[in-house]
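Novice: model this:
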Amino acid sequence: MQVDARHRFDNFIVGSANRLAVAAARAVAESPGSTYNPLFVYSSSGLGKTHLMGAIGNLVQQRSREAVIEYVTLDDFVEQLHAAVAAGESERFKQRYQRIDLLMVDDVQFLTGRRETQSEMLRLLNAMQGSGNQIVMASDRPPSDISDVDERLITRLSGGLIVDIASPDFETRVAILRAKSDERGIRFRPGVIEELGRLEFTNVRELQGALNRLIAFQTLGGDQLQAEDVHTVLGDLPEAQRASAGGAKPAALAGAPGGPLDFQSFLSDIATAVTTHVESWKLRVAEAIAYWNGEGYRTGALDRLLEETTQPPHYEAVLRGYAAFVERLKALESQATGIDSALGANEAFRDPERLQEAEAVVQRALSGATPPPGPSSAFTRAGYEVGHSNQLAVRAADAVVETPGQKYNPLFVHGPSGVGKTHLLHALANELVRALGGNVVVACVGAQQFMDELIAAIQEDTVDRWRQRYRRIEGLVIDDIQFVASKERTQDELFHVFNALHSAGKQLVFASDRPPRDLDGLEDRLRSRFEGGLVVEMQSPDRALRERLYARYLASVASEDPEAIAAFLAERPVSSVREIMGTVNRVVASADTSGVPLSLAFARAELEPSGRSTHQDAPVMKAEVDAFFVDDEKIVWEWEEMGSRLIEEFK
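Specialist: Predicted structure coming up:
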């Protein structure tokens, strides 16, 4: 299920009741998988959980178009799981979810009693967190209050960050009301919004419902509402009744002398006022405006119709035509998002008066004008540290940027996982875009995404359109190219794309965990082309590079003598940059938990608890474990004297 493109951080009203949740959500969206994983948001219904999850998804998609994002309710997740089990495709189901970069699950409270789903969810969380993928969950209660749930799952849900959203306070309610009024182009007299904001609604949906009633009453009546009219219009709502009971009732609420106005009398008076002051055609147009506004569509044509002083002879045709245009827009939006999910955010699909523009968007997408995903702006060349272990690859990348398509084409970078290949590829692609003038498309995709797009095109019989997408770009960068090995159709299509781009002088860059000659299942025609450019290796970070990386990561946290800490940590050999980040996260989190500043002594005590040097030659049985995610029986404990320990065990 795709996230709603209308759910964004810039239209989410922040107040004291949701400030922490919004800050945590934005932090997750800006660095998925590295901050607050999992993030668990809970609140009563109607307070913005779904909007907040949508905002996370849209920001992640905006910052990285190649990111795989999935929003699903728990009921949908259960249905997918049952369907996979029934079809004998449980393994495919697991693999599909493990490829997701950001998974958002709503209504987690319905886990109660579903043991099979809980077990699958537990395995999925472990796999995704182990791969550094982000998980966001929402519920109407905290994890500890969800009954009949496996304790191990509760522990994992609680292992990230749990935040709640409370009912909005007065200031937040007023801010929401003003934003919604501006969005719909409605102006109230001073004091009306504030008077409505004083009514203590428990959720935002009820607040918006009350605002809709005021808008409808003002639109139908033709006169601007006064602040004292708020209680008259909303007098049947419990919130208005409680507000009135707490102080003097407005004069407008007085019925017969000595008695309050009951609900039936209120409805009767409203009906009389509408009949007296509003013509039937205006009532129908106003109802249509309220409905389509609620559906998220612009109603400029209907608004102008309502401004007519006399009944237009064609107003019914206008209403029917508007509805037909909306249906056409829905069909176009569905067609566009089927090609590229990012197109769903185009405002043309929300305004019937921009129907031709929406059709043009779809036509461009169908003709292959919608480009493949580009590089992530988060990876920059300036932010890439260079050392002896990656110097040759970086120099080759810089040379490619200086003369795209002419020198080192293709460039093939290989090295073990976690040494910075992905960062270098995205940084190179960003520099290529800049070097080629900025208004060009350089595709930057993973091999798995390249294959998934091809499979989808085969299923939808749109392979020709898929090919056009990749033949119109100015450069192609593919990560993890080892995954195309043994995939005959993918290699065939890649071969033709390679030839088309290479003959046109377009730059090609590939990355793998092995050199081309070691890729079993890779066709010779592709292998020879990969080796016909420049093949360079990236190795595990050397001592100098490790120190610079540690210094960079420590610069963003409060620590005493970060240079000394970085120098100490750099003495510890690692196989990847990810290990460096994990080490920093470990010592920082441990210092935060202990409530002490991070210092050299603390880092040494945390990483060398037994006092031994990291270069000690004696064999050590040790496993770095996370108490949250590893069962006790799977931990390999550190035994200093193996013989003594065995004697003790067998006494």
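Novice: In contact with the residue nearest to residue 4 when sequence neighbours are not counted: list those residues for me.
Specialist: Closest residue to residue 4 apart from its sequence neighbours, by C-beta to C-beta, 6 or more residues apart in numbering: residue 54 at 4.9 Å. In short, each C-beta sits where N, CA and C put it, glycine included. Residue 54 is in contact with 3-4, 6-8, 71, counting by C-beta atoms under 8 Å, 6 or more residues apart in numbering.
Novice: any idea which of the residues you listed has the most stuff around it?
Specialist: The most crowded member of these, judged by other C-beta atoms under 10 Å, is residue 3 (25 neighbours).
Novice: Run a quick check on that one versus residue 67, I expect a contact.
Specialist: No: when contacts are counted by C-beta atoms under 8 Å, residue 3 is not listed as touching residue 67 (11.8 Å).
Novice: other SSEs contacting the helix or strand hosting residue 359?
Specialist: According to DSSP states H and E, residue 359 maps onto helix 355-366. Judged by 3 or more C-beta pairs under 8 Å, 6 or more residues apart in numbering; DSSP states H and E, helix 355-366 is in contact with helix 315-339.
Novice: And the contacts of the helix it packs on?
Specialist: For helix 315-339, with C-beta under 8 Å, 6+ apart as the criterion, the contacting residues are 2, 281, 284-285, 288, 292, 295, 297, 299, 301-302, 305, 308, 312, 343-344, 346, 349-352, 355, 358-359, 361-362, 365-366, 370, 460, 465.
Novice: and with 6 Å instead?
Specialist: 281, 288, 297, 305, 343-344, 349, 352, 355, 358, 362, 365, 370 (C-beta atoms under 6 Å, 6 or more residues apart in numbering).
Novice: how far out from the middle of the chain is the helix or strand where residue 51 lies?
Specialist: For residue 51, the host element (DSSP H and E) is helix 49-63. The chain centroid and the centroid of helix 49-63 are separated by 4 Å under C-alpha atoms, centre = their mean, to the nearest Å.
Novice: Could you list the alpha-carbon positions for the helix or strand that it is followed by in CSV?
Specialist: Later in the chain than helix 49-63, the nearest helix or strand by DSSP H and E is strand 69-73. Backbone C-alpha positions of strand 69-73 (Å, rounded to 0.1, in the frame of the first residue of the first chain) are rendered in CSV as follows:
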residue,chain,number,x,y,z
ILE,A,69,8.8,1.8,1.2
GLU,A,70,5.8,-0.2,2.4
TYR,A,71,2.8,1.1,4.5
VAL,A,72,0.5,-1.7,5.6
THR,A,73,-2.1,-2.2,8.3
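Novice: May I see the buried residues of the very next helix or strand once past strand 69-73?
Specialist: Sequence order places helix 74-86 as the next helix or strand after strand 69-73, per DSSP H and E. Of the residues in helix 74-86, 74, 77-78, 81, 84 count as buried by neighbour count, 16 or more other C-beta atoms under 10 Å.
Novice: contacts for helix 74-86?
Specialist: By C-beta under 6 Å, 6+ apart, helix 74-86 touches 90, 93, 107-108, 110, 117, 120.
Novice: and the helix holding residue 51, which residues are buried?
Specialist: Quick answer for helix 49-63 (16+ other C-beta under 10 Å): 49-61.
Novice: And for stretch 456-467?
Specialist: Of all the residues in stretch 456-467, those buried under the rule 16+ other C-beta under 10 Å are 457, 462, 465-467.
Novice: for stretch 351-360, same thing?
Specialist: For stretch 351-360, burial by neighbour count (16+ other C-beta under 10 Å) applies to 351-352, 354-355, 358-359.
Novice: Could you export it as CSV, CA atoms only?
Specialist: Output of stretch 351-360 as CSV, limited to C-alpha atoms (Å, rounded to 0.1, in the frame of the first residue of the first chain):
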residue,chain,number,x,y,z
ASP,A,351,-7.8,19.6,-9.7
PRO,A,352,-10.4,18.9,-12.5
GLU,A,353,-9.5,22.2,-14.1
ARG,A,354,-6.0,20.8,-14.7
LEU,A,355,-7.2,17.6,-16.5
GLN,A,356,-5.2,18.3,-19.6
GLU,A,357,-2.0,18.8,-17.5
ALA,A,358,-2.7,15.4,-15.8
GLU,A,359,-3.2,13.7,-19.1
ALA,A,360,0.2,15.2,-20.3
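Novice: circling back to that earlier point, next secondary structure element downstream of the helix holding residue 359?
Specialist: Next along the chain after helix 355-366, taking DSSP H and E as the criterion, comes helix 391-402.
Novice: gap between that next one and the chain center?
Specialist: The answer for helix 391-402 is 32 Å, by C-alpha atoms, centre = their mean.
Novice: which other residues reach it?
Specialist: Contact with helix 391-402 is made by 386, 407-408, 411, 413, 424, 428, 431-432, 435, 534, 536, 538, as judged by C-beta under 6 Å, 6+ apart.
Novice: Could you list the buried residues of that helix?
Specialist: By neighbour count on 16+ other C-beta under 10 Å, the buried set for helix 391-402 is 393-394, 396-397, 400-401.
Novice: what about residue 20, how many neighbours?
Specialist: Residue 20 has 13 neighbours, counted by other C-beta under 10 Å.
Novice: what's the answer for residue 319, then?
Specialist: 18.
Novice: how much space between it and residue 325?
Specialist: From residue 319 over to residue 325 the distance is 11 Å, taken as C-beta to C-beta, to the nearest Å.
Novice: How about residue 419?
Specialist: 54 Å.
Novice: Of these two, which one has the most company?
Specialist: residue 419 (26 against 18).
Novice: Can you show me the helices along the stretch 551-651 of the chain?
Specialist: For the stretch 551-651 of the chain, the helices defined by DSSP state H, counting those that start in this stretch cover 562-570, 577-594, 600-607, 642-649.
Novice: Select, out of these, the one closest to residue 126.
Specialist: Closest approach to residue 126 among those is made by helix 577-594 (16.4 Å; C-beta to C-beta).
Novice: What residues of the closest one count as buried?
Specialist: Within helix 577-594, the residues that qualify as buried are 577, 579-581, 583-584, 587-588, 590-591, counting by 16+ other C-beta under 10 Å.
Novice: Just want the angle from it to helix 562-570.
Specialist: Here helix 577-594 points in a direction 120 degrees away from that of helix 562-570 (axes from the mean of the first three to the mean of the last three C-alpha atoms, to 10 degrees).
Novice: I'd like the mean pLDDT over helix 577-594, please.
Specialist: Averaging pLDDT along helix 577-594 yields 84.
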